[in-house]
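Peer 1: Got a predicted structure here, sequence first:
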Amino acid sequence: MSRMLNLVQAINEALDLKLADDPRVVLLGEDIGKNGGVFRATDGLLEKYGEERVIDTPLAESAIIGTSVGMAVNGLIPVPEIQFLAFIFPALDQLFSHVARMRYRSQGQFPVPMTIRTPYGAGIHGPELHAESVESFFAHTPGLKVVVPSGPYDAKGLLISAIEDPDPVVFLEPTKLYRAFREEVPEGLYRVPIGKAKRVREGEDVSVFAWGSMLRTALKVADALERERGFTCDVIDLRTLYPLDRDAIVESVQKTGRAVVVHEAHKTAGLGAEIVSLINEEALLYLRAPIKRIAGFDVPVPFFALEDEYMPTEARIRAGIEETIMF
Amino acid sequence: MLAEHDRAERLMAIAKAEGLYEEIHLLKEDGTLAGSVDDISPEVMVAMYRHMVFARAFDRKAIALQRQGRIGTYAPFEGQEAAQVASAMALAPEDFVFPSYRDHAATMVLGQSPANVLLYWSGRVEGIRSPEGRHILPPSVPIATHVLHAVGAAWASRHRKEAAVSIAYFGDGATSEGDFHEALNFAGVFHLPVIFFCQNNGYAISVPFSRQSASRTIAQRAIAYDIVGVRVDGNDAFAVYRAVKEARARALHGLGPTLIEAVTFRMGAHTTADDPTRYRDQKAVVEAWQKRDPIARLRLYLESQRLWSDADEAKLQEEVRARVEAAVDEALSIAPPDMEMMFDHVYAEAPWHLAAEREEYRRSREGVSV
């Protein structure tokens, strides 16, 4: 049986199922219990599983991640929530110095399986520092995995995979998509593998790599370009940003000979640079045009009156794809 | 059980009323007692002494090895032997231990091999493996971050209703870090079975405690979080041992965390790369603190109780010399590392690019060129 669920409902269901399935799973974070999370991602779970397993914590992000490390080395599987991605900054010491390194420096003696869930990205007109997309911080840190769903089906399957993963996963949930649309989501446990991208649109003229809320925008552009100009885009949802799905990226570029990367994070040292390098290393001689990055500008994410223009718009993405195809 | 619970409640009341500002003493500098030590067996006292003598000899040897270029930078703990040894002896095998990088006297009591400690300071990751049957986490290098780990591990123990506590070892400098305060706050809110064991050794590298905080003591910080705080003479093995035993009993009875401030002194440098004469009158402070030496006073007490003799001492010194030499031989004769181990244990399963980097490294080592 499957039902139509939105992304936040799919997240809630994945958490519910894993709490029921594995007594080691514990949720902790700010306002996740009685309040059900500021986006209601954990709605109803406190009532169902009690306050030993769905823990409203004091307001201290370093402690949320730091105590999760202690829980994990002592046999629990914590799923901490950071209320908004930018609020993880006080916990970066814990994340970089311990979460990412504990398996390594203990030579496998103390792995720290945990899934750090956090809403991320712009597009909902939130206050300052509620719209960051700093995924490359985490992708630059060996020991972490980085996962970004772009729809309800993948969100549920990827979150279940993340919680079952033996290593720490930073699980970025695009706030703009929480309630943007519904899709068929099966009941019960199922897994979407970490490390595997998904081709969401088949095309011949250019590869378009995107994730999170940018995938939706890129797809709209791809639709318009085919309708209006007959260009077809091979649109790949990366889904996992670390480790990247090399084969999916390389095969697509080998087929199309052209590539555009779309992300809302700042352009400089963003993940787009890594994808361009990968293509350079693995498929340079297939290229018929320079690879283009359509990204958030290299400015602090602006106040929300400007945020829609900070993020790659359909017009910018379209121009970038057209320039690449027409090169 | 009820009687035990009452006892623990009483202990908490006492701890809350006293010991936040004045140090608790049991064993005075002249080797006489300031209170009853009926709860500490002669066997435990002698074992403490033996561990402390070994720890000091090991520590001095490690400094010498660094000076000779045979190990890397080392963080000595001389002066802090009572705080470390006695606290460790008050723990049980099921407890989770989160040390800092200066707590090897404690971890060696708990079964960490001295050779491993030397390996750790030789840049070898093998040196921080927890001994079998113990839960000793790798020493934390960032300051105070591991105090939160102890809180989380205690949470997990309580979650499974296990009779185990967690203990974090840290110094006075750590109490200025946010993570320390977050840890006390979380442990207080959730009444977690955790012991915060602070060795106030006077200095965080060059900065004295007076510059670290305007609060008179570290123990008094417990008031703000409404948890138990205790200030003990950290060079008094009996006072430290009892404070940790009582903290452990309270924790296991659901009475929550304890912050223990063990007042001690780092006799030497912060590390072998540090020169303490730049920031303190090293000769004067060492002379002053030698009068409070933790080992000398314990020996005086043991001798007064006929638990120790000159013959015992001679035999112990011989044993200690042999053990230290054996540790040095073991650590320094270990084969050089397989360089490829740098790729191990990053993840449970290496992702494609790590496998490729390992292969690239292997080819470069074999001198393969295109």
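Peer 2: Here it is on my side, so go on. What you see is a predicted model; the values in this text were computed from it and never measured.

Peer 1: residues contacting residue 34?
Peer 2: Going with chain A. A:K34 makes contact with A:46, A:56, according to Cβ atoms under 8 Å, 6 or more residues apart in numbering or on different chains. Any C-beta I mention is one placed from the backbone N, CA and C, and that applies to glycine too.

Peer 1: you looked at the wrong chain, it should be chain B
Peer 2: Contacts for B:A34 were tallied using Cβ under 8 Å, 6+ apart; they are B:25-28.

Peer 1: Also A:K220?
Peer 2: So A:K220 contacts A:E314 (Cβ under 8 Å, 6+ apart).

Peer 1: How much space separates it from chain B?
Peer 2: 32 Å (Cβ to the nearest Cβ, to the nearest Å).

Peer 1: hang on, B:R292 in a strand?
Peer 2: No - secondary structure of B:R292 (DSSP: H, G, I helix; E, B strand; the rest coil): coil, not part of a strand.

Peer 1: related to what we said a few turns ago, let's have the contacts of B:A34 in TSV, adding distance to A:D234, pLDDT and secondary structure.
Peer 2: Output for the contacts of B:A34, formatted as TSV (distance: Cβ to Cβ, whole Å; pLDDT from 0 to 100; DSSP: H, G, I helix; E, B strand; the rest coil):
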residue	distance to A:D234	pLDDT	secondary structure
B:H25	76	95	coil
B:L26	76	97	coil
B:L27	77	98	strand
B:K28	81	97	coil
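
Peer 1: farthest-separated two in those residues?
Peer 2: By the measure Cβ to Cβ, B:L26 and B:K28 form the most distant pair in the contacts of B:A34, at 8.3 Å.

Peer 1: For the host helix or strand of A:I236, report the contacting residues that lie outside it.
Peer 2: Here A:I236 is covered by strand A:233-237, with elements defined by DSSP states H and E. Here strand A:233-237 makes contact (Cβ under 8 Å, 6+ apart) with A:150, A:154, A:197-211, A:215, A:218-219, A:221-222, A:225-226, A:248-249, A:252, A:255-256, A:321.

Peer 1: In helices, which of those fall?
Peer 2: Filtering the contacts of strand A:233-237 for membership in helices, criterion DSSP state H, returns A:154, A:215, A:218-219, A:221-222, A:225-226, A:248-249, A:252, A:255-256, A:321.

Peer 1: from those, which is closest to B:H191?
Peer 2: Taking Cβ to Cβ as the measure, B:H191 lies nearest A:D154 of the ones in helices among the contacts of strand A:233-237, at 39.9 Å.

Peer 1: check contacts around the closest one.
Peer 2: So A:D154 contacts A:192, A:198, A:237, A:239 (Cβ under 8 Å, 6+ apart).

Peer 1: repeat for B:M108
Peer 2: Counted by Cβ under 8 Å, 6+ apart, B:M108 has contacts B:51, B:54-55, B:58, B:114, B:117.

Peer 1: Please apply the same query to B:S157.
Peer 2: A:74, B:96, B:164-166, B:193.

Peer 1: can you redo those as JSON lines with secondary structure?
Peer 2: As requested, those are exported to JSON lines (three-state DSSP):
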{"residue": "A:N74", "secondary structure": "coil"}
{"residue": "B:F96", "secondary structure": "strand"}
{"residue": "B:A164", "secondary structure": "coil"}
{"residue": "B:V165", "secondary structure": "coil"}
{"residue": "B:S166", "secondary structure": "strand"}
{"residue": "B:P193", "secondary structure": "coil"}
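
Peer 1: could you redo the residues you listed as CSV and give each row pLDDT?
Peer 2: As requested, the contacts of B:S157 are exported to CSV (pLDDT from 0 to 100):
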residue, pLDDT
A:N74, 98
B:F96, 98
B:A164, 98
B:V165, 98
B:S166, 98
B:P193, 98
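
Peer 1: which of those has the most neighbours?
Peer 2: Among these, the one with the most neighbours (other Cβ atoms under 10 Å in any protein chain shown) is B:S166, at 33 neighbours.

Peer 1: can I assume it is in contact with B:P193?
Peer 2: Yes - contact criterion Cβ atoms under 8 Å: B:S166 and B:P193 qualify, at 7.0 Å.

Peer 1: Pull up the overlap in contacts between the two.
Peer 2: With Cβ under 8 Å, 6+ apart as the test, B:S166 and B:P193 both reach B:154, B:157.

Peer 1: what residues are up against B:R50?
Peer 2: B:L316.

Peer 1: buried ones in the one helix or strand it maps to?
Peer 2: Assessed by DSSP H and E, B:R50 sits inside helix B:42-67. Within helix B:42-67, the residues that qualify as buried by neighbour count (16 or more other Cβ atoms under 10 Å in any protein chain shown) are B:44-46, B:48-59, B:61-63, B:65-66.

Peer 1: what about the helix or strand containing B:E359, average pLDDT?
Peer 2: Assigned by DSSP H and E, B:E359 belongs to helix B:352-366. Average pLDDT, helix B:352-366: 95.

Peer 1: go on, stretch A:277-284?
Peer 2: On average, stretch A:277-284 scores 97.

Peer 1: and the closest residue to chain A within the stretch 1-150 of chain B, what is it in contact with?
Peer 2: Residue of the stretch 1-150 of chain B nearest chain A, by Cβ to the nearest Cβ: B:L148 (2.8 Å). Listed by Cβ under 8 Å, 6+ apart, the contact set of B:L148 reads A:62-63, A:66-67, A:69-70, A:94, B:179, B:182-183, B:186.
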